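Q: Below is the sequence, then the predicted model.
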There are 2 protein chains.
Amino acid sequence: MIEIAARKEAAASRTARLDAVFAALADPTRRAIIERLSRGEARVTEVAEPFHMSLNAVSKHIRVLEASGVVERHRKGRDHILSINARSLDEVDGWIQRTRSYCEGRLDAMERLLRELKKERKPRPKDRKHGSR
Amino acid sequence: MIEIAARKEAAASRTARLDAVFAALADPTRRAIIERLSRGEARVTEVAEPFHMSLNAVSKHIRVLEASGVVERHRKGRDHILSINARSLDEVDGWIQRTRSYCEGRLDAMERLLRELKKERKPRPKDRKHGSR
């Protein structure tokens, strides 16, 4: 029973993490921050620089990203250094891949079916020679 | 100038689509609906069945998914049939892949550097024989 409870808890926290990461990605400023950090860690002020908004507004976005686990912060002397946590993206990517592979599997099956139906409608020899590639 | 404006507009609508799809995915019920539809199209009532909520509540989630473009609806007689639009997931997947590949490229470069540093610290013959493992 304890094991089931532990598994349920793990699933619930995975669900909560997916919720938080997808919500964090649903904003163009936050996606731009992630794109910046994917090229290398940076100070908060460096991250904020290209945006036409106050440092305070950018900081709010950074806090959302930190809460979701996509962005991590550590201190180097007086500086706050931000970096990306690629593992947090692995989880959302895994979800999308699984969903897509289901879809693609079905599309492949449909394609096979169409090909078989095409074969059954045997083309005349003339058609076959010039085939439609 | 018209071309630049058109390109800007396309980028803006791509951004808006990414916003909408990520926001749509930030909810466990909506992700469960997508998972269900990735296995095949289904009627609204079939989709709603496994959820412990009113048909109205599920319909609201479905409308969010339709607005984001992830889910499509067509009519078959009196039934409303829902299906998934895999292309809408391709775009968010593409974004995540690009961001991750940047990260991974950097991690690979770091790994190479570490391996080179290890080689420079040439091991004694005895260490070499028994290796680490």
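A: Structure received.
Q: mind checking the end-to-end distance for stretch A:76-96?
A: 36 Å (CA to CA, to the nearest Å).
Q: what's the average pLDDT for stretch A:96-103?
A: In this model, stretch A:96-103 carries a mean pLDDT of 75.
Q: Give me the residues contacting that stretch.
A: B:Ile34, B:Glu35, B:Ser38, B:Arg39, B:Ile84, B:Ala86, B:Leu89, B:Asp90, B:Val92, B:Asp93, B:Ile96 (CB atoms under 8 Å, 6 or more residues apart in numbering or on different chains). For the C-beta atoms, the positions are set from N, CA and C on the backbone; glycine is no exception.
Q: same question, stretch A:63-71
A: Contacts for stretch A:63-71 (CB under 8 Å, 6+ apart): A:17, A:20-21, A:23-25, A:27, A:30, A:33-34, A:37, A:62, A:72-73, A:82-85, A:88-89.
Q: The residue positioned nearest the centre of chain A: what's it in contact with?
A: Averaging the C-alpha coordinates of chain A gives a centre point, and the residue nearest to it by CA atoms, centre = their mean is A:Asp93 (4.2 Å). By CB under 8 Å, 6+ apart, A:Asp93 lies in contact with B:Asp93, B:Ile96, B:Gln97, B:Arg100.
Q: and it, what helix or strand is that in?
A: A:Asp93 is part of helix A:86-120, with elements assigned from DSSP states H and E.
Q: on contacts alone, who are the packing partners of whichever strand or helix holds A:Ala11?
A: Secondary-structure assignment from DSSP H and E places A:Ala11 in helix A:2-25. Packing partners of helix A:2-25 (3 or more CB pairs under 8 Å, 6 or more residues apart in numbering or on different chains; DSSP states H and E): helix A:28-38, helix A:55-68, helix A:86-120, helix B:2-25, helix B:28-38.
Q: tell me, which of those is the model least confident about?
A: Lowest mean pLDDT within the helices and strands packed on helix A:2-25: helix A:86-120, at a mean of 74.
Q: follow-up on the earlier one: of the contacts of stretch A:96-103, grab the buried ones for PyMOL.
A: Entered in PyMOL, the line below selects the buried ones among these, by 16 or more other CB atoms under 10 Å in any protein chain shown:
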select buried, chain B and resi 34+38+84+86+89+92+93+96
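Q: Rebuild the contacts of stretch A:96-103 as CSV, extending it with distance to A:Lys8.
A: Below are those laid out as CSV (distance: CB to CB, whole Å):
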residue, distance to A:Lys8
B:Ile34, 22
B:Glu35, 18
B:Ser38, 24
B:Arg39, 23
B:Ile84, 27
B:Ala86, 31
B:Leu89, 28
B:Asp90, 33
B:Val92, 28
B:Asp93, 29
B:Ile96, 28
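Q: what's the most distant pair in the contacts of stretch A:96-103?
A: The largest separation in these, counting by CB to CB, is between B:Arg39 and B:Ile96 at 22.4 Å.
Q: circling back: would you mind pulling the contact partners of the helix holding A:Ala11?
A: Outside helix A:2-25, the residues that touch it by CB under 8 Å, 6+ apart are A:30-31, A:34, A:64-65, A:67-70, A:88-89, A:91-92, A:95, B:18, B:22-23, B:25-28, B:31, B:92, B:95.
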